[in-house]
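Asks: Please work out how this folds:
(2 chains)
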Amino acid sequence: MSESIQDRVIAIIAEQAVLEPGDVSLDQTLEDLGIDSLGLVESIFAIEEAFDISVPFNANDPSESDFDISSVAAIIQAVQGLVADQAA
Amino acid sequence: MKRIVITGQGTINALGRDVPETLEAMREGRCGISDLEFQDVERLSIRIGAQVKGYEPEETFNRQQIALYDRFTQFTLIAARQAITQSGLTFSGELATRSGVVLGTSGGGMNTLDENYRSVYEDGKNRVHPFVVPKLMNNAAASHVSMEWNLKGPSFTVATACASSNHAMGQAMQMIRAGMADVMVTGGAEAMLCFGGIKAWEGLRVMSRDACRPFSANRNGMVQGEGSAMFVFEEYEHAKARGADILAEVVGFAMTSDAADIVMPSKQGASRAIAGAMRDACMNPEEVCYINAHGTGTAANDKTECAAVADAFGHHADELMISSTKSMHGHLIGGTGAVELLACIMALRDGVIAPTIGYEDPDPECALDVVPNVARDVKIDAVLSNAFAFGGLNAVLALRAH
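Replies: A predicted model of the protein is given here:
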């Protein structure tokens, strides 16, 4: 299950970055991938829709939101946490 | 070139049902933001706004009028009545043909759209009221003002998102300046506080869930408001000849486009608009004592705006006062510049600078005198009013005391 969350998040990010999923690596930041603030908000929307979760994110202060967007791996981990919370 | 003065002002917004109530709230630093009340609000994650509470259209309008007037039109008509009544003008004969209306609004009849989409999509109805189109159209309010007051000259609506009012008032000013009109009724209105209106904004993730704290380090987004402010702009000689009470003079206006990003603001675009308004007004930067900021309370706007002011004013940026009254009346989107002009006129006429309330922590990226939390008594002669819209469209007005 967690494998598939990772693949699905990467697919969403890759689509936003106009890249193949294979070209997205876990240690990259959104900035590395060329995703700007609008692209980020759009990615979060796509994640919410894909997993039917609500992501706590305020664009005014991304660093203080409860959702870590510092790297692709961090985003995947945060989504896994939210999906687990929802299942619990 | 003709000179332009303001001879009437009117408003309805979360702070008051007229200008005196609104200015009293601004002087006292009162907050008009509270829990939103409308259908389906429980399905929103953003549930605060500066709403005109306890408003009953039936107190002002009859049944036929309510069937035709969206909430934004009602607000516009209420504000315009106050403004025109104060001016003492009546429009007939040649003056009627030389007078018009330019209104700023972004959403137009948003409540009408929302109610009727709900009706056909959610409730599955196949029939809508015959007046849906004339009620929701963006120019409805301007047209109803023209009809109510017999204004037969140039009339239209300007929609540039958050800068709509300033662009509208700038147009009105330029028409009088160029000799196209003698009197222009102008300002802005917005009534976007409905389920669809807020739901759309939620998506962008720039709204605060708790408060509007412009320039404060702990700011976390904008809070929407609603209402209208309207003004009578009049050619100076015309106003003088009839012995009108002149509230202030509109001396400059400039507009620029960032040509850069659909949502992120640009220091250069904003700075060029500020400098342009001063140039148009033949105003030295050192003369400007107060700026009513765009000051939305978002991370991006406030730091960019402060940088733009520093850029346009140099060392004088540290001498002037700049406050965001959105902390009190919320962000009226297309109507915001009009309500904010009330604060500018209060500064010029009464020597009272409206505060930025909700200010808690200094932000080194907004290191200007933002008049935190408490109004200030200062006699001043020249002000600017900033508006910087999504889409990178900037409009700045310059006013002088008269």
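Asks: So which bits of the stretch 101-250 of chain B are right by chain A?
Replies: Counting by CB under 8 Å from any CB of the partner chain, the stretch 101-250 of chain B comes close to chain A at B:203-206, B:208, B:219-221. Every residue, glycine included, has its C-beta placed from N, CA and C.
Asks: Of the residues you listed, which belong to helices?
Replies: Counted as lying in helices by DSSP state H, out of those, are B:203-204.
Asks: all helices for the stretch 201-350 of chain B, in order.
Replies: Ranges of helices within the stretch 201-350 of chain B are B:236-241, B:267-280, B:299-313, B:326-329, B:336-350, based on DSSP state H, counting those that start in this stretch.
Asks: Can you give me the buried ones in the shortest one?
Replies: The neighbour-count criterion (16 or more other CB atoms under 10 Å in any protein chain shown) identifies B:326-329 as the buried residues of helix B:326-329.
Asks: lowest average confidence, helix or strand, in chain A?
Replies: Using mean pLDDT, DSSP states H and E, helix A:2-17 stands out as the lowest-scoring helix or strand of chain A, at a mean of 91.
Asks: what about it, distance to the chain center?
Replies: Remark: helix A:2-17 is offset 8 Å from the chain centroid, using CA atoms, centre = their mean, to the nearest Å.
Asks: Which strands or helices does the longest helix along chain B pack on?
Replies: Criterion DSSP H: the longest helix present in chain B is helix B:71-87. Here helix B:71-87 touches strand B:4-13, helix B:110-117, helix B:140-149, strand B:183-190, strand B:227-235, going by 3 or more CB pairs under 8 Å, 6 or more residues apart in numbering or on different chains; DSSP states H and E.
Asks: Give the buried residues for the least confident helix or strand of chain A.
Replies: For helix A:2-17, burial by neighbour count (16+ other CB under 10 Å) applies to A:5-6, A:8-10, A:12-14, A:16-17.
Asks: residues in contact with that helix?
Replies: A:20-21, A:23-24, A:30, A:33-35, A:39, A:42-43, A:46-47, A:50-51, A:72, A:75-76, A:79-80, A:83 (CB atoms under 8 Å, 6 or more residues apart in numbering or on different chains).
Asks: how about a cut-off of 7 Å?
Replies: Helix A:2-17 is touched from outside by A:20-21, A:24, A:33-35, A:39, A:42-43, A:46-47, A:50, A:72, A:75-76, A:79-80, A:83, with contacts defined as CB atoms under 7 Å, 6 or more residues apart in numbering or on different chains.
Asks: give the contact list for residue B:400.
Replies: For residue B:400, the contacting residues are B:248-249, B:251, B:381-382, by CB under 7 Å, 6+ apart.
Asks: Show me which of those are buried.
Replies: Among the contacts of residue B:400, those classed as buried by neighbour count (16+ other CB under 10 Å) are B:248-249, B:251, B:382.
Asks: between the residues of the stretch 101-250 of chain B next to chain A, which is closest to residue B:310?
Replies: Closest approach to residue B:310 among these (CB to CB): residue B:219, at 18.5 Å.
Asks: Tell me who's in contact with the nearest residue to the closest one once chain neighbours are set aside.
Replies: In this structure, residue B:219 finds its nearest non-sequential neighbour in residue B:213, 4.3 Å apart by CB to CB, 6 or more residues apart in numbering or on different chains. By CB under 7 Å, 6+ apart, the residues touching residue B:213 are B:219, B:297, B:327, B:358-360.
Asks: hmm, try it at 8 Å
Replies: Going by CB under 8 Å, 6+ apart, residue B:213 touches B:219-220, B:297, B:327, B:358-360.
Asks: And the helices in chain A?
Replies: A:2-17, A:37-51, A:72-87.
Asks: so which of the ones you listed gets nearest residue B:320?
Replies: helix A:37-51 (30.0 Å).
Asks: in the closest one, what's buried?
Replies: In terms of neighbour count (16+ other CB under 10 Å), helix A:37-51 has its buried residues at A:37, A:39-47, A:51.
Asks: can you check stretch B:269-288 too?
Replies: B:269-278, B:280-281, B:283, B:285, B:287-288.
Asks: same thing with stretch B:51-70?
Replies: For stretch B:51-70, the neighbour count (16+ other CB under 10 Å) marks B:51-52, B:55, B:60-61, B:65, B:69-70 as buried.
Asks: Grab the two from the residues you listed that are most spread out in space.
Replies: Going by CB to CB, the pair spanning the buried residues of stretch B:51-70 furthest: B:51 and B:65, at 21.6 Å.
Asks: How far off centre is stretch B:112-125?
Replies: The answer for stretch B:112-125 is 29 Å, by CA atoms, centre = their mean.
Asks: Show the contacting residues for residue B:255.
Replies: Contact analysis of residue B:255 by CB under 8 Å, 6+ apart lists B:163, B:167, B:170, B:273, B:276, B:393-396.
Asks: neighbouring contacts of stretch B:107-125?
Replies: Under CB under 8 Å, 6+ apart, the answer for stretch B:107-125 is B:39, B:70-73, B:126, B:128-129, B:132, B:135-141, B:157, B:159, B:190-192, B:194-197, B:333-334.
Asks: make it 7 Å
Replies: B:70-72, B:128, B:132, B:135-138, B:140, B:190-192, B:194-197, B:333-334.
Asks: if we can go back for a sec, which single one of the buried residues of helix B:326-329 is nearest to residue B:386?
Replies: Of these, the one sitting nearest to residue B:386 (CB to CB) turns out to be residue B:326, at 11.3 Å.
Asks: from what I can see that closest one touches residue B:212, true?
Replies: Yes: counting by CB atoms under 7 Å, residue B:326 touches residue B:212, with 5.8 Å between them.
Asks: So which residues on chain A come close to chain B?
Replies: With CB under 7 Å from any CB of the partner chain as the criterion, chain A meets chain B at residues A:37-38, A:41, A:45, A:57-61.
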